[in-house]
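# Could you work out the structure for the sequence below:
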Amino acid sequence: MIESKYLKDNIENIQKLMAIPALRNFETKSLGKLLKLSKIREYENGEAIIREGDQDTWLYFLLSGKIRISKENLDIGIIDTKGEIFGEMRIVDTMHRSATVSAVGKTVCLAVDSAAKNRFSTQTPEEEKLDFLLLLYRIFAEYMSIRLRATNDELIAAKKKIKHLISKI
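Residues are numbered from 1 along each chain as shown. As a prediction, this is how the structure comes out:
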């Protein structure tokens with residue numbers, strides 16, 4: 001992995017963040033806060049980004065490339081959509097990482113250190129910090145809802161297939 005230093009709060013970086021669909025609703029002030037918690041990470045093919053069972057505090061936005069998600073050595077899926085969020089479940093529920101995420105080809109991510117809240121300015125009012133965190137959690141909730149609906153659809157399709165196969169026995 002190649003990792004940048006924490007990013008700077010400047011207009012050029014803010015404009016790049018605004019190109020990420022999940023971050024379009026953020027105000028520039030909030031994007032500046034996000035930048036201060038973020039690094040750019042580049043991964044090579046097959047390199048682990050997240051390991052199942054770990055307890056790290058990083059949240060990721062896919063900037064380029066693809067990721068493979070697996071659990072107990074079984075593939076769950078591949079994500080290649082720019083701006084897709086992953087690693088958010090650990091941030092929300094504070095449990096161990098539930099799956100392994102690996103790079104497929106060269107992959108670049110925006111990595112946000114959710115434990116680096118001390119990087120906020122001491123001048124930042126508590127209300128602004130809370131607004132920022134609430135918006136971030138809303139984005140998590142939207143992505144988790146989309147994924148849960150897709151999982152429900154897959155579960156129903158699998159149950160129908162099992163029912164059909166049992167009826168043929």
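# Give me the residues contacting the helix or strand where E42 lies.
Using DSSP states H and E, E42 sits within strand 38-43. For strand 38-43, the surrounding residues in contact (C-beta atoms under 8 Å, 6 or more residues apart in numbering) are 1-7, 49, 60, 63, 65, 103, 106-113. Using the backbone N, CA and C atoms, a C-beta is placed for each residue, glycine as well.
# what mean pLDDT does it have?
For strand 38-43, mean pLDDT is 96.
# quick one on the thing from earlier: buried only: go through the contacts of strand 38-43 for me.
Buried members of those, counted by 16 or more other C-beta atoms under 10 Å: 7, 49, 60, 63, 65, 103, 107-113.
# quick revisit: distance from the strand holding E42 to the middle of the chain?
Averaging C-alpha positions (C-alpha atoms, centre = their mean, to the nearest Å) puts strand 38-43 12 Å from its chain's average.
# ok, then the element right after it?
From strand 38-43, the next helix or strand downstream (DSSP H and E) is strand 48-50.
# Just the CA coordinates for the helix or strand just after that next one, please, in PDB.
Of the helices and strands lying after strand 48-50 in sequence (DSSP H and E), the nearest is strand 58-71. Taking Å, rounded to 0.1, in the frame of the first residue of the first chain, the C-alpha atoms of strand 58-71 are listed here in PDB:
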ATOM      1  CA  TRP A  58     -10.900   3.400   8.700                       C
ATOM      2  CA  LEU A  59     -13.800   4.100   6.300                       C
ATOM      3  CA  TYR A  60     -13.200   4.000   2.600                       C
ATOM      4  CA  PHE A  61     -14.500   5.700  -0.600                       C
ATOM      5  CA  LEU A  62     -13.500   3.900  -3.800                       C
ATOM      6  CA  LEU A  63     -11.900   6.500  -6.100                       C
ATOM      7  CA  SER A  64     -10.700   4.100  -8.900                       C
ATOM      8  CA  GLY A  65     -10.300   0.400  -9.500                       C
ATOM      9  CA  LYS A  66     -12.300  -2.500  -8.100                       C
ATOM     10  CA  ILE A  67     -12.700  -4.200  -4.800                       C
ATOM     11  CA  ARG A  68     -13.600  -7.900  -4.000                       C
ATOM     12  CA  ILE A  69     -15.500  -8.600  -0.800                       C
ATOM     13  CA  SER A  70     -15.200 -12.000   0.800                       C
ATOM     14  CA  LYS A  71     -16.200 -13.600   4.000                       C
END
